[in-house]
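[1] Pasting the sequence and the predicted coordinates here, then a few questions.
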Amino acid sequence: MGRPPPPHDLVADQTLSPEHVDIVGLCQDAPQSVAELAAELDLPVGVVRVLIGDLVDDELVHVSRPVPPAELPDESILRDVIDGLRAL
């Protein structure tokens, strides 16, 4: 599975590093976690976070925060769903 090509106008942008361009290319089809990007690019998570911060400042990527635990479904509901699926 190869990386999608980065958008052409980003490649021509002299202010972006190759790593910045790679991150945008990896995120253009589907959202990616910081850990996924770090693994794909073989870079430390901290470095990827800084690069993403640069891209957010330039409005080239959008960051979504994880759902707060208080908004997640109750564990008992999830267990009931699993039990119901097993009963099928």
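    Looks like it arrived, so ask away.
[2] next helix or strand past the lowest-mean-pLDDT helix or strand in the chain?
    Least confident helix or strand of the chain, by mean pLDDT, DSSP states H and E, is helix 8-12 with a mean of 54. Under the assignment DSSP states H and E, the closest C-terminal helix or strand after helix 8-12 is helix 18-27.
[3] which element is the residue nearest the centre of the chain on?
    Compute the mean C-alpha point of the chain, and by Cα atoms, centre = their mean the closest residue is Gln32, 2.1 Å away. Using DSSP H and E, Gln32 sits in no helix or strand.
[4] And Asp83, by the same measure?
    Going by DSSP H and E, Asp83 is part of helix 75-87.
[5] Pull that helix out as CSV, backbone CA atoms only.
    This file holds the C-alpha atoms of helix 75-87, laid out as CSV (Å, rounded to 0.1, in the frame of the first residue of the first chain):
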residue,chain,number,x,y,z
GLU,A,75,-20.1,0.4,29.6
SER,A,76,-23.3,-1.5,30.7
ILE,A,77,-25.0,-0.5,27.4
LEU,A,78,-22.0,-1.7,25.4
ARG,A,79,-22.1,-5.0,27.3
ASP,A,80,-25.8,-5.4,26.6
VAL,A,81,-25.2,-4.8,22.9
ILE,A,82,-22.4,-7.4,22.9
ASP,A,83,-24.5,-9.9,24.7
GLY,A,84,-27.4,-9.3,22.3
LEU,A,85,-25.1,-9.9,19.3
ARG,A,86,-23.8,-13.1,20.8
ALA,A,87,-27.3,-14.3,21.3
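[6] pLDDT on that helix, on average?
    In this model, helix 75-87 has a mean pLDDT of 89.
[7] gap between that helix and the chain center?
    Computed by Cα atoms, centre = their mean, to the nearest Å, the chain-centroid distance of helix 75-87 equals 29 Å.
[8] could you say what helices and strands that helix packs with?
    Packing contacts for helix 75-87, counted by 3 or more Cβ pairs under 8 Å, 6 or more residues apart in numbering; DSSP states H and E, involve no helix or strand. Any C-beta I mention is one placed from the backbone N, CA and C, and that applies to glycine too.
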